[in-house]
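Undergrad: Got a sequence here, can you build the structure:
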Amino acid sequence: MKRILHMVAVLAALAVVSGCTPSPKKMDSITVAYAPFESVSLVYVAQAQNMFADNGLRVTYRKYDTGVGALEGVQKGEADIAVGTAEYPLVGRAFQEVPVSAIASIDRPDFIYLIGRKDRGVEKPSDLKGKRIGTVAGSIAQFYLGRFLELNDMTAEDITFVDVKTPDEWRAAIANGDVDAVVLAQPEASLVKARLGSNATFFSVQGSQPAYSLAIATNEWISGNPAAVRKFLSALADAEEFVAGNPAETRAIIQKRLGLDSDYMDLVETQNTFALSLDQSLIIAMEDEARWMINNRITPKKEVPDFSDYVHTAGLKKVKPDAVNIIR
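TA: A predicted model of the protein is given here:
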């Protein structure tokens, strides 16, 4: 027995000398900017299941009020990757030629609603004419509000637009009557509706056109950190697989993270598609939004940008190649 133990020790020593023992996984550190919405659920799951660490990442989180704010944080150097930012703010950056790119879509949400006050005469869409309507300027909600007005034979000039930047601002504005209606993403929309009670009207403004919840970083950071990009997306791919196979556990993670009640959680599965992708429909959606911005004079530019220049496909192709379908 002693002879066997001696041989094992000798072999182990030789393995160390020859470099045959597995080396510790190299850990990269990143900072992720996010706004607390359900469209970030793949990140919540990856964090709860230690998937970032398992893929060699130390992640620091920086919270913002909105997806627009998270993207601004990345532009200011406060974080490396913004998650949950919709495609519309990326369209605005493309017009400004800001060097940022989407590295993945992480959700396809259909959860943006208009909540109006009945005591201000808002009971049907046509009642919005002449009303004060609040939402976050530069957000996807602003675009959907504009499209909703057009579908109901109005334009943005038929209302007074009010920029409400934070949850405290939009909650106070509608509750106090500073605005007649607000356009918000879930779960904030349902919370505001509940606060108004029987005085609330509630309309979906997306028209069955899902948005894209994106992960966005600066081009400089992406090119300088290809391994971190791959590790981040690998962790989200693991989270996507977990979500597909563990619906009850996923529900519990989201509910705990966002402090939602059980009744609302029944909506989460119906108004989200948690999956990694970069496909041509994203480009088409951004082109549509760009034309809307041009037509509504939100940008002085007259030409639609080439949005393939604002989508980085190499990282996701390495992690989940069948999820990438961008025509260049």
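
Undergrad: switch to C-alpha atoms for all contacts and neighbour counts from now on
TA: Will do.

Undergrad: Test my guess that residue 179 contacts residue 133.
TA: Yes - here residue 179 lies in contact with residue 133, judged by Cα atoms under 8 Å, at a distance of 5.7 Å.

Undergrad: For this structure, just list every one of the strands.
TA: Counting by DSSP state E, the chain has strands at residues 28-34, 57-63, 81-86, 100-107, 112-117, 132-135, 160-163, 181-185, 200-204, 213-218, 278-279, 324-325.

Undergrad: so what's the closest residue to residue 182 other than its chain neighbours bridging to?
TA: Spatial nearest neighbour of residue 182, chain neighbours left out: residue 134 (4.6 Å); criterion: Cα to Cα, 6 or more residues apart in numbering. Under DSSP bridges, the beta-bridge partners of residue 134 are residue 162, residue 182.

Undergrad: residues contacting residue 134?
TA: Residue 134 makes contacts with 161-164, 170, 173, 179, 181-183, as judged by Cα atoms under 8 Å, 6 or more residues apart in numbering.

Undergrad: give the contact list for residue 105.
TA: Shown in contact with residue 105 (Cα under 8 Å, 6+ apart): 212-215, 275-278.

Undergrad: which of these sit farthest apart?
TA: Distance extremes for the contacts of residue 105: the farthest pair is 215 and 275 at 12.1 Å, using Cα to Cα.

Undergrad: ok, residue 195 - how many residues close by?
TA: 14 (other Cα atoms under 10 Å).

Undergrad: Let me see the confidence value for it.
TA: On the pLDDT scale, residue 195 is placed at 92.

Undergrad: Nearest spatial neighbour of it, chain-adjacent residues omitted?
TA: Closest to residue 195 by Cα to Cα, 6+ apart is residue 175, at 7.7 Å.

Undergrad: how near is the one you found to residue 53?
TA: According to Cα to Cα, to the nearest Å, residue 175 stands 43 Å off from residue 53.

Undergrad: And residue 127, by the same measure?
TA: Going from residue 127 to residue 53 by Cα to Cα gives 52 Å.

Undergrad: Between these two, which has more neighbouring residues?
TA: Using other Cα under 10 Å, the more surrounded residue of residue 127 and residue 53 is residue 53, with 19 against 13.

Undergrad: what sits against the more buried one?
TA: For residue 53, the contact set (Cα under 8 Å, 6+ apart) comprises residue 27.

Undergrad: which residues in the protein form helices?
TA: Using DSSP state H, the helices of the chain run over residues 2-18, 41-48, 51-54, 67-75, 87-95, 140-151, 167-176, 188-196, 219-224, 226-245, 247-258, 262-268, 280-295, 314-319.

Undergrad: and the third one, which residues are buried?
TA: Burial within helix 51-54, assessed by neighbour count using 16 or more other Cα atoms under 10 Å, is assigned to 51-54.

Undergrad: what bits of the protein have low per-residue confidence?
TA: 1-25 (pLDDT under 70).

Undergrad: wait, what's in contact with the residue nearest in space to the middle of it?
TA: With distances taken as Cα atoms, centre = their mean, the residue of the chain nearest its centroid is residue 84 (1.5 Å). Applying Cα under 8 Å, 6+ apart, we find residue 84 in contact with 34-35, 37, 39-40, 67, 106, 213-215.

Undergrad: switch to 7 Å and redo it
TA: Residue 84 sits next to 34-35, 39-40, 67, 213-215 when contact means Cα atoms under 7 Å, 6 or more residues apart in numbering.

Undergrad: picking up where we left off before, residue 28 is nearest to which of the helices of the chain?
TA: So among the helices of the chain, helix 226-245 is nearest, using Cα to Cα, at 6.3 Å.

Undergrad: helices or strands up against the closest one?
TA: Judged by 3 or more Cα pairs under 7 Å, 6 or more residues apart in numbering; DSSP states H and E, the packing partners of helix 226-245 are helix 41-48, helix 51-54, helix 314-319.

Undergrad: Ok, which of these comes nearest residue 153?
TA: helix 41-48 (35.9 Å).

Undergrad: Alpha carbons of that closest one, as PDB, please.
TA: The C-alpha atoms that make up helix 41-48 are tabulated as PDB, following Å, rounded to 0.1, in the frame of the first residue of the first chain:
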ATOM      1  CA  SER A  41     -35.000  37.700 -16.800                       C
ATOM      2  CA  LEU A  42     -32.300  35.700 -18.500                       C
ATOM      3  CA  VAL A  43     -29.800  37.800 -16.600                       C
ATOM      4  CA  TYR A  44     -31.700  37.200 -13.300                       C
ATOM      5  CA  VAL A  45     -31.700  33.500 -13.900                       C
ATOM      6  CA  ALA A  46     -28.000  33.400 -14.900                       C
ATOM      7  CA  GLN A  47     -27.200  35.300 -11.700                       C
ATOM      8  CA  ALA A  48     -29.400  33.100  -9.400                       C
END
